[in-house]
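**Student:** Need a 3D model of the following:
(2 chains)
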Amino acid sequence: MTMSALLLSCLLAVNASAAPVKKEKKTVQPKTRQALVEGVCSFEVPQNWQLEPAPYVKQTGVPGITASAPGISAEQLASISVSYYPPNNKIYGSSTAYISKQTEPGLSPVGRKVGKPQPARLGALEASVMELETLLLYPPEALSPKKVPVKEKIVVADAGKGFFVVRCSAAKSLYVRMSKHFDAALRTFKQQFPAVSPK
Amino acid sequence: MRSRRIPLLFLLLLPVAGLAQGASIPAELDRRAADCETAVGKLNPDAVRACLKDESFLSQLSAAAPERAALLLSKGQALVQLSQLLDKFKGGVDGETALRTTLSSWLSGLPFTDMNMSEPSQILSWIAQYRPNYSQAKLRSLKKVLLEWDVLPEKDVRQALRNAGSEGEPQAEWNAMQLHVRENVLAAMAILVLDRFDRKGECMSEELRSELIWNFLPPEESERLKAHVKKCAVMEKVKSLAVSDAKLNTEVARLKGESLDVQIYKLSKFFDNSDIPLARELEALRTPTPSETIAPEQNPLLASMLQSSIMGFLRGVPAGDEVASFYAPGSGNEFKLRMEDMFWDTAEYRPASGEIVLNSRLIQQFMRINGAVQDGKFKNFTTSDLLSNKNGAMRHLVNFIAPVIVHEATHQMQHQWASSRKIFDPYSKEDEVEAIAKQSMFMMQKYRQDAAFKKLVDQNKEYSSYMDLNVQLADEFDRDPVQFLQRVGEVYYPKIPPAQSAYAYTLTLLDNELKRRDELSADEREALADGPLSPEDALNMTNSALRENLEYFGTSDLEGLRESILARRKEYVERREQVVADALQAVRPSKP
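**Tutor:** Numbers count the residues shown, from 1 in each chain, chains lettered A, B, ... in the order given. Next comes the predicted model:
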């Protein structure tokens, strides 16, 4: 091993030993908070996640919320975005159209793989889930953008006269670690308006 | 600009203020100030914090002895901020890197250098004196932040010092170095390691690539590291293919020991005339040949050729027609294209000159990937092909750059809208939402309608990061505009404020500057009554340009700008919100 390589490997050792010192085990209740879209839906996310209402609701007609893990960046992406598409929204007419658009070839970006929709649950709602892998390229005006592999779970459920879309996204390297938070959000999901009786 | 003027101002004020201090400062205030100055002198963060919290004392001191107040504030604030930063520090690899970055820049500048707090050992002594309750684990972590000798591998630091030309006693030299110098020594070591791998044509292990030492590399060297990683990924594919290809295997063996660049170059030649994807990947990564280099003097000619031919290629789809109409003869809007070596960005619109500037490296990327079949053999386009428009080279190039032209033309349209109404254009998130949306719509519309464009996009997206990015953005916008809008805000342009906040920031800039001028002497205010820049110049600036140039505007012009912004804010914000609605309407003329 060269001296230079030694320096590098030793520095790694220094940083590895910088890992948090072991603490005594304590029984800690998992701390969560409620992500709420007033009159639309709610779900639980970790206490320290940041909540941001969906942008440009006036223009899209699609209310929603995004919960992001602390320190979000393109390389450390981990978030849960919930959108409700009411009948008068300006983007999609139905959940079927939404799902169909996600599974069509489109421009076939490099690295995009989408799975077939499978039955799933969103809280008490019947839903469809698709697994998606993409490459996130950023910054968007760079000559040599960075490429971050991203994994997503897209859950779509009809509700009222509209439908919900929940996108659980994480950099692929973080996805497994984030899965428990994604699953908890989907499990604790509640719609806040009365369900419409089937005709 | 401002930071250079303030010390000058203090120099001018000092003699006057010194007299004022001796003559008129009340004894009680003088005593209190002296106590606080002693606290600063002793670097006692807690005592200093108490002084800075006493607003009444500070305002009295500012009135009676402004230079003493300024020094107390400058050094005291720095001390308090440093103590807060260290108190909050929780350790961990990411936390250590972040703290090191901050300390490296703070400690090498004023006021820390004036306070004998620029060297890591001085910081550690200060911690021992004022923060004795820090845990051993936290202290060790802080030593790693400060790159202390006893937490680094001694042999290797000695080697890094020798590389840096050090001839003295290594530990003493290292201890005397400021943090940013230590970082530089390690950066030089990292560069050396990278050079060695590139020169010997070897690839680093994944473990080595993920080392934190690469964080010390300056930006241009980071780009080289990224290129090294890409080249090694392609070399892996070549080696896999060579297992079942004896001729290739011989070539790979022959190239062993050559630099990575030479290996990639020679392998790209080995695959000449081949249409397998790997050949394209090698082409995209190899160094340009002299025939593919654009000399600076060729930039204007190439820009002029592109300028005259691009509008015809944009027409035929709604997003392209809109741009072509904007520049139509008689519109008063001029399409001025310029080419420059811009390093990192693909292109930009410059409001001051009204030019769209294209990075000449983008054209080189195009030439390394695209070409034509001649005599049954595939040949890459050369600069000469472009300048003589041989084999349809210009047609391909125009298609290649069309999406980014739509993006930058959209910025020009935004600027034209604001300046023609005499509205200050601060640059906001919605500007980028609209520009990316229009670029993406152009991509989708052209891809669906124009077979030649589709073919070019499909061939290039695998090898051109620029085209890959265009495809990703367009595809994302088309499939889920709601998620796209969220990502533009949080991931792509997290630091650019939305329209409402952008204007609030402009007002803050103007208010602060006007307030500062109010507090100057009558002579100084008189000197700033007029400035070399006019209100029209402000219309060609964004917030960041305005911030840099505030001092060149006359006071009444700044007041006029503030009034104009207060009056036209609503119009600007509504327009920015409307463009988002228009972009969505264009991508979803009818809901699927």
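
**Student:** Three-state assignment for B:Ser304, please.
**Tutor:** The local conformation at B:Ser304, judged by DSSP: H, G, I helix; E, B strand; the rest coil, is helix.

**Student:** Next, name the residue at the spatial heart of the chain.
**Tutor:** You didn't say which chain, so I picked chain A. Among the residues of chain A, the one closest to the centroid is A:Cys168, at 2.2 Å (C-alpha atoms, centre = their mean).

**Student:** Switch to chain B, please.
**Tutor:** Geometric middle of chain B (C-alpha atoms, centre = their mean) lands on B:Trp344, at 8.6 Å.

**Student:** low-confidence ranges in chain A?
**Tutor:** A:1-30, A:71-73, A:195-199 (pLDDT under 70).

**Student:** how about 50 then?
**Tutor:** A:1-24, A:197-199 (pLDDT under 50).

**Student:** hey, which helix is longest across it?
**Tutor:** helix A:172-187 (DSSP state H).

**Student:** Which neighbouring elements make contact with that one?
**Tutor:** strand A:41-46, strand A:78-85, strand A:118-122, strand A:146-159, strand A:162-171 (3 or more C-beta pairs under 8 Å, 6 or more residues apart in numbering or on different chains; DSSP states H and E). To be clear about C-beta, it is placed using only N, CA and C from the backbone, and glycine gets the same treatment.

**Student:** 7 Å instead, please
**Tutor:** strand A:41-46, strand A:78-85, strand A:146-159, strand A:162-171 (3 or more C-beta pairs under 7 Å, 6 or more residues apart in numbering or on different chains; DSSP states H and E).

**Student:** Next, count neighbours for the residue of the stretch 1-150 of chain B found nearest chain A.
**Tutor:** Per C-beta to the nearest C-beta, B:Ala137 is where the stretch 1-150 of chain B lies closest to chain A, at 4.6 Å. When neighbours are defined as other C-beta atoms under 10 Å in any protein chain shown, B:Ala137 has 12 of them.

**Student:** Repeat that for the one 10 residues further on.
**Tutor:** Using other C-beta under 10 Å as the criterion, B:Leu147 is surrounded by 23 other residues.

**Student:** Contact partners for it?
**Tutor:** B:Leu179, B:Arg182 (C-beta atoms under 7 Å, 6 or more residues apart in numbering or on different chains).

**Student:** right, and the secondary structure at it would be what?
**Tutor:** Assignment for B:Leu147 (three-state DSSP): coil.

**Student:** Equivalent analysis for A:Thr66, please.
**Tutor:** strand.

**Student:** before we move on, the earlier item: nearest approach to chain B belongs to which of the helices and strands packed on helix A:172-187?
**Tutor:** strand A:78-85 (5.2 Å).

**Student:** which strands and helices sit next to that closest one?
**Tutor:** Using 3+ C-beta pairs under 7 Å, 6+ apart, strand A:78-85 sits against strand A:41-46, strand A:64-68, strand A:162-171, helix A:172-187, helix B:481-487.

**Student:** okay, these in a markdown table with distance to B:Asn399 next?
**Tutor:** Output for those, formatted as a markdown table (distance: least, C-beta to C-beta, whole Å):
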| stretch | distance to B:Asn399 |
| --- | --- |
| strand A:41-46 | 45 |
| strand A:64-68 | 36 |
| strand A:162-171 | 32 |
| helix A:172-187 | 33 |
| helix B:481-487 | 24 |
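
**Student:** For A:Glu141, which of those is the nearest?
**Tutor:** helix B:481-487 (14.5 Å; C-beta to C-beta).

**Student:** Summarise which helices and strands that closest one is packed against.
**Tutor:** Packed against helix B:481-487 by the contact rule (3+ C-beta pairs under 7 Å, 6+ apart) you find strand A:78-85.

**Student:** can you pull the buried residues of the strand it packs on?
**Tutor:** By 16 or more other C-beta atoms under 10 Å in any protein chain shown, the buried positions in strand A:78-85 come out as A:Ala78, A:Ser79, A:Ile80, A:Ser81, A:Val82, A:Ser83, A:Tyr84, A:Tyr85.

**Student:** and what of stretch B:72-86?
**Tutor:** B:Leu72, B:Leu73, B:Ser74, B:Lys75, B:Gly76, B:Ala78, B:Leu79, B:Val80, B:Leu82, B:Ser83, B:Leu86.

**Student:** can you check stretch B:288-299 too?
**Tutor:** Applying 16+ other C-beta under 10 Å to stretch B:288-299 flags B:Pro288, B:Glu292, B:Ile294, B:Gln298, B:Asn299 as buried.

**Student:** That stretch: how far from the chain's middle?
**Tutor:** Here stretch B:288-299 is found 26 Å from its chain centre; the criterion is C-alpha atoms, centre = their mean, to the nearest Å.

**Student:** and for it, what are the contacting residues?
**Tutor:** Residues contacting stretch B:288-299 (C-beta under 7 Å, 6+ apart): B:302, B:339-340, B:360, B:363-364, B:367-368, B:380, B:382-384, B:387.

**Student:** repeat that for 10 Å
**Tutor:** Stretch B:288-299 is contacted from outside by B:265, B:268-269, B:286-287, B:301-302, B:338-341, B:358, B:360-361, B:363-368, B:380-387, using C-beta atoms under 10 Å, 6 or more residues apart in numbering or on different chains.

**Student:** From those, list the ones also adjacent to chain A.
**Tutor:** B:Arg361, B:Gln364, B:Gln365 (C-beta under 10 Å from any C-beta of the partner chain).

**Student:** most neighbours, which of these?
**Tutor:** B:Gln365 (24 neighbours).

**Student:** That one: which element?
**Tutor:** helix B:360-369 (DSSP states H and E).

**Student:** got the contact list for the closest residue to A:Leu174 other than its chain neighbours?
**Tutor:** Leaving aside its chain neighbours, A:Leu174 sits nearest to A:Ala78 (5.2 Å; criterion: C-beta to C-beta, 6 or more residues apart in numbering or on different chains). By C-beta under 10 Å, 6+ apart, the residues touching A:Ala78 are A:49, A:67-72, A:150, A:168-171, A:174-175, A:177-178, A:181-182.

**Student:** and the residues you listed, which are buried?
**Tutor:** Using 16+ other C-beta under 10 Å, the buried ones in these are A:49, A:67-69, A:72, A:150, A:168-171, A:174-175, A:178, A:181-182.

**Student:** farthest-separated two in those?
**Tutor:** A:Trp49 and A:Val150 (17.7 Å).

**Student:** Please list all residues in contact with the residue nearest to A:Leu107 when sequence neighbours are not counted.
**Tutor:** Nearest in space to A:Leu107, with sequence neighbours left out and distances taken as C-beta to C-beta, 6+ apart, is B:Asp475 at 4.4 Å. By C-beta under 10 Å, 6+ apart, the residues touching B:Asp475 are A:Pro105, A:Gly106, A:Leu107, A:Ser108, A:Pro109, A:Arg112, A:Thr134, B:Ser440, B:Met443, B:Met444, B:Tyr447, B:Phe484.

**Student:** And B:Leu397, by the same measure?
**Tutor:** Contacts of B:Leu397 by C-beta under 10 Å, 6+ apart are B:302, B:305-306, B:309-310, B:313, B:362-363, B:366-367, B:370, B:381, B:385-386, B:389, B:456.

**Student:** Dump the host helix or strand of the residue nearest to A:Leu107 to CSV, keeping only the CA atoms.
**Tutor:** Of the helices and strands defined by DSSP H and E, B:Asp475 is found in helix B:465-479. Extracted in CSV, the C-alpha atoms of helix B:465-479 (Å, rounded to 0.1, in the frame of the first residue of the first chain):
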residue,chain,number,x,y,z
SER,B,465,-25.3,14.3,-19.4
TYR,B,466,-26.9,17.4,-20.9
MET,B,467,-29.4,15.5,-23.0
ASP,B,468,-30.0,13.0,-20.2
LEU,B,469,-30.9,15.9,-17.9
ASN,B,470,-33.3,17.4,-20.5
VAL,B,471,-35.0,14.0,-20.9
GLN,B,472,-35.3,13.5,-17.1
LEU,B,473,-36.8,16.9,-16.5
ALA,B,474,-39.3,16.7,-19.4
ASP,B,475,-40.4,13.2,-18.5
GLU,B,476,-40.9,14.2,-14.8
PHE,B,477,-42.9,17.3,-15.7
ASP,B,478,-45.1,15.4,-18.1
ARG,B,479,-45.9,12.5,-15.7
